[in-house]
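S.K.: Predicted coordinates and the sequence they were generated for:
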Amino acid sequence: MKKALVVTLVLLLSLLLALPVHGGEVLGPGGGGDGGDGGDSSSSSSRSKLTLDNFVRYLESWQKDKPTEYQYMVKLLSTGNPESYQTPNVWLQYGGNQTVSRNEPLNLGFYVQNPNPLDLRRTVFVDLEAKLPGETKYQKLNQYTQAVQPFDYAEKGKVNWTAKIWPEFASFSDLEKVGDVRLRVLVSDGSNKWYSSASGNSHPYYGELLLNVTNSPPEMVNASLICSESPRYNDPIEYVATVWDPDGDLMNVTLHILDDKGWEMRNETQDVKSGQVRFKAAQYGFFGEPDAGKNYSYYYTIGDGIDTVCYPPSEDGNATLEGPRIRSTPKLWVETPHVEPEDDNYYYWGEYNFSLEMRNQEPYNMEIPVTLKIRTEDKNWKPVAKRTVLVTPDSKREYFPTSDAFDVLDRGSPFSFRFEYPEYDQNNSMSIDMQWETPLNQRLMKNGLASVPIVINLLLLMVLPLLGGIFIERWMGKGRMG
Amino acid sequence: MNPMQASFVAIVLLLLLGCGAHLLNVRRIHSRVERLENKAVPMEKLLPDLYSCQGSNFNSLVLAAWILLLAAMAFLYLLTPAVFSNGNYFMKLPSLASSWVGLVIFGLLGYLIMILVIVGGEKLPESCRCFRLAELYGYYTLSRNEKRVMIAAIPLLWISILISTHMATVYPELWAAEWWTAFLLLLASLVLLIWPVAKEMLEGR
């Protein structure tokens, strides 16, 4: 019986191959027909295709022209027994590590073993289901169901098998939570539905595949502040950093700006992909005039929806980056400090008229205390004069005459003088210095020998010893005769 | 050490020599008396007997000369930075030195030290009373002319102080001859004041 069946099939196939053209119809890949039941076979891709329509037409022509062969064919086809159909076995095929990162390519596929002969095989439909972290139910992962046609099997020994990769499922990069993910396969042959069996695991074939999916946190590098060393509050100030998420997630980058006491003053968030992130101070209005003269610091937090990291990294999470140091807003304009000595000989006892030009850059008058200090080889910025100055929007020279600026220890020394004020000037400084080229005179005494003070001093010096001698002799009586 | 500093050492040495000569003179007299008496004579008994008054006027003036001597030394060496650049009146007490009465106060400091030496000498024991400055010349025989010459030390010291003051007023324009003149006047005054001691040392052998 079996021998007859084999002979019949060989005869049938020979007949089909011997009839490339029949009744104007082409038998093969270029043939007409709806092709509804046609399909590729992974094991016989080089064979000609037999469409169902063609096959029906063949049978009809054989019924008319070759009734004997037709009857044999009917008999042959009727010997297929639906009772002997067996459900195919399906496994997940995965050769990788069971701990995977979200962005790691999975290369996940399935493997089907179909024990049925070709004539009994049915199209098998395969879906991938997963129980995601935190979920209690399985859900379908793939959008398009994979179909395995009866011809798709290869034959290896007595095993008909086929394997496919899920083309639309590359990684878990879209996973919102990380943890254990259970994968299984939902199989259907049109009549029945069943799942791959969890008990049938044998690497790399799994009935149920348990994967530990981990997240790679986002990273930040090259954070910097683009501005001058000491910018004004309205100068361009830009916080720039490069962020990168290994999983390719969209990141929320938050810039935290701290004031000089370490308190958070502002924070702003941008949703960005891997690349450069920029926060422009002017765009967000980070700094205003009241911030002038203050020092700030900042840090970033970067989240990918799962993990949040800080930059700069530190164990306690309190590390910050310095900047910007906002320049103080100048109110004063000072210039041309000058000193006019009473005597061109620059005696230390002489009167010196120190002065500078001042004006208020704001349109109002302002009273500020101004201190004059001097520096010589003996003194280091010794205050010598102080007075309150009315600074107006119009430039005005203010004078600080003094005769106590120097003493005898400063004679012969070069000197500098400095005006100090409690407001910032156009140089963002609170003082202005001047190194005077002419050193002080070496003269020791102010008065000449013939001056009244010296004469009085000398007279006293001459008379007092005589009085002393007389007084002592009177008191002791050492020279008294008798 | 520059010549000016060396001159200061010379003045101090001369004073010490005078002091040593005075001690030798007293001891020589003491040994002669003991030899004549042929017995030991305590110094405290001998010295009052040796002492003879030279007159109040002379004593007053010679004490004034000694007081002036210390002030003149201070003016010559310590008033300006010419000799001791750091150890001078204007560097150590700049405010006082620059004041209106700076000079007289500086002089008074010298006077005060000398007066303390004179008055403090009175506290010396009787056996050492020969070192009392107020009694110094009572152990020597001085003629009227010698006294007159010795008193000339006072105007010499006045001139020395005057020159020193002038040098301070024109400092740093220093004229070496002027300084050495002040020094010679000071030296001459000192020589006059220790002259009786030196003469006794030389003649009393």
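M.R.: Received the coordinates, thanks.
S.K.: Residue numbers of chain A in contact with chain B?
M.R.: A:349, A:407-409, A:442-449, A:453-454, A:456-458, A:460-462, A:464-466, A:468-470, A:472-474, A:476-482 (Cβ under 8 Å from any Cβ of the partner chain). C-beta coordinates here come from the backbone N, C-alpha and C atoms, glycine included.
S.K.: Look up how far chain B lies from the closest residue to residue A:372 other than its chain neighbours.
M.R.: Spatial nearest neighbour of residue A:372, chain neighbours left out: residue A:385 (4.1 Å); criterion: Cβ to Cβ, 6 or more residues apart in numbering or on different chains. Distance, residue A:385 to chain B, by Cβ to the nearest Cβ, to the nearest Å: 18 Å.
S.K.: Kindly give a single ChimeraX line that selects the buried subset of the residues of chain A next to chain B.
M.R.: Selection command for ChimeraX covering only the buried members of the residues of chain A next to chain B, criterion 16 or more other Cβ atoms under 10 Å in any protein chain shown:
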select /A:349,407,408,409,442,443,444,445,446,447,449,453,454,457,458,460,461,462,464,465,466,468,469,470,472,473,476,478,479
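S.K.: Okay, and which of the residues of chain A next to chain B map to helices?
M.R.: A:453-454, A:456-458, A:460-462, A:464-466, A:468-470, A:472-474, A:476 (DSSP state H).
S.K.: Residue B:122: what's it in contact with?
M.R.: Residues in contact with residue B:122 (Cβ atoms under 8 Å, 6 or more residues apart in numbering or on different chains) are A:476, B:132, B:134.
S.K.: er, residue A:175 I mean
M.R.: A:102, A:132, A:133, A:181, A:213.
S.K.: one more time with 6 Å
M.R.: Contacts for residue A:175 (Cβ atoms under 6 Å, 6 or more residues apart in numbering or on different chains) come out as A:102, A:213.
S.K.: likewise residue A:433?
M.R.: Residues near residue A:433 by Cβ under 6 Å, 6+ apart: A:416, A:418.
S.K.: Check for me that it belongs to a strand.
M.R.: Yes: applying DSSP: H, G, I helix; E, B strand; the rest coil, one finds residue A:433 inside a strand.
S.K.: With only the CA atoms kept, save stretch A:188-196 in PDB.
M.R.: C-alpha atoms of stretch A:188-196 as PDB (Å, rounded to 0.1, in the frame of the first residue of the first chain):
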ATOM      1  CA  SER A 188      -3.100  29.100  17.100                       C
ATOM      2  CA  ASP A 189      -3.700  26.700  14.200                       C
ATOM      3  CA  GLY A 190      -7.000  28.100  13.300                       C
ATOM      4  CA  SER A 191      -8.900  25.600  15.400                       C
ATOM      5  CA  ASN A 192      -7.100  25.600  18.700                       C
ATOM      6  CA  LYS A 193      -5.100  28.100  20.800                       C
ATOM      7  CA  TRP A 194      -2.500  27.100  23.300                       C
ATOM      8  CA  TYR A 195       0.600  28.600  25.000                       C
ATOM      9  CA  SER A 196       4.100  27.500  25.000                       C
END
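S.K.: Would you mind checking the average pLDDT for that stretch?
M.R.: Stretch A:188-196 shows a mean pLDDT of 87.
S.K.: Could you list the residues in contact with it?
M.R.: With Cβ under 6 Å, 6+ apart as the test, stretch A:188-196 has contacts from A:90, A:91, A:122, A:124, A:125, A:184, A:185, A:186, A:187, A:207.
S.K.: make it 7 Å
M.R.: Stretch A:188-196 is contacted by residues A:87-88, A:90-92, A:122-125, A:184-187, A:207-208 when judged by Cβ atoms under 7 Å, 6 or more residues apart in numbering or on different chains.
S.K.: Nearest to chain B: which residue in the stretch 201-350 of chain A?
M.R.: residue A:349 (6.9 Å; Cβ to the nearest Cβ).
S.K.: Quick check: that residue touching residue A:445?
M.R.: No: using Cβ atoms under 7 Å as the test, residue A:349 is too far from residue A:445 to be in contact (8.7 Å).
S.K.: So which of the contacts of stretch A:188-196 sit within helices?
M.R.: Checking the contacts of stretch A:188-196 against helices, none of them qualifies (DSSP H).
S.K.: Now find how far off-centre the worst-scoring helix or strand of chain B on mean pLDDT is within its chain.
M.R.: Every helix and strand of chain B was ranked by mean pLDDT, DSSP states H and E. The lowest is helix B:43-50, at a mean of 80. Relative to its chain's centre, helix B:43-50 lies at 24 Å (Cα atoms, centre = their mean, to the nearest Å).
S.K.: who's in contact with it?
M.R.: Helix B:43-50 is contacted by residues B:29, B:30, B:33, B:126, B:127, B:129, B:130, B:139 when judged by Cβ under 7 Å, 6+ apart.
S.K.: residues in contact with residue B:75?
M.R.: Neighbouring residues of residue B:75 by Cβ under 7 Å, 6+ apart: B:161, B:164, B:165.
S.K.: repeat that with 10 Å
M.R.: By Cβ atoms under 10 Å, 6 or more residues apart in numbering or on different chains, the residues touching residue B:75 are A:461, B:68, B:89, B:103, B:106-107, B:110, B:157, B:160-165, B:167-168, B:182, B:186.
S.K.: Among these, name the buried ones.
M.R.: Counted by 16+ other Cβ under 10 Å, the contacts of residue B:75 give A:461, B:68, B:89, B:103, B:106-107, B:110, B:157, B:160-165, B:167-168, B:182, B:186 as buried.
S.K.: Which single residue of the stretch 1-150 of chain A approaches chain B most closely?
M.R.: For the stretch 1-150 of chain A, Cβ to the nearest Cβ, closest residue to chain B: residue A:101, 79.0 Å.
S.K.: That residue pairs with what?
M.R.: Beta bridges link residue A:101 to residue A:214 when assigned by DSSP bridges.
S.K.: Could you check how far it is from residue A:432?
M.R.: In this structure, residue A:101 and residue A:432 are 62 Å apart, going by Cβ to Cβ, to the nearest Å.
S.K.: Count the neighbours of the residue of the stretch 1-150 of chain A closest to chain B for me.
M.R.: 17 (other Cβ atoms under 10 Å in any protein chain shown).
S.K.: my read: it touches residue A:245, true?
M.R.: No: when contacts are counted by Cβ atoms under 10 Å, residue A:101 is not listed as touching residue A:245 (11.4 Å).
S.K.: And the pLDDT at residue 70?
M.R.: Assuming you mean chain A. At residue A:70, the pLDDT value in this model is 82.
S.K.: let's do chain B instead
M.R.: 91.
S.K.: List the buried residues for the helix or strand encompassing it?
M.R.: Secondary structure assignment for residue B:70, by DSSP states H and E: helix B:56-78. Within helix B:56-78, the residues that count as buried by 16+ other Cβ under 10 Å are B:56, B:58-78.
S.K.: do stretch B:5-22 as well
M.R.: Neighbour-count burial for stretch B:5-22 flags B:7, B:8, B:11, B:18, B:21, B:22 (criterion: 16+ other Cβ under 10 Å).
S.K.: now stretch A:143-160
M.R.: Buried, per 16+ other Cβ under 10 Å, within stretch A:143-160: A:146, A:148, A:149, A:150, A:151, A:152, A:153, A:160.
S.K.: Could you pull out the helices in chain B for me?
M.R.: Under DSSP H, chain B gives helices at B:3-37, B:43-50, B:56-78, B:89-92, B:94-97, B:102-121, B:144-151, B:153-170, B:176-203.
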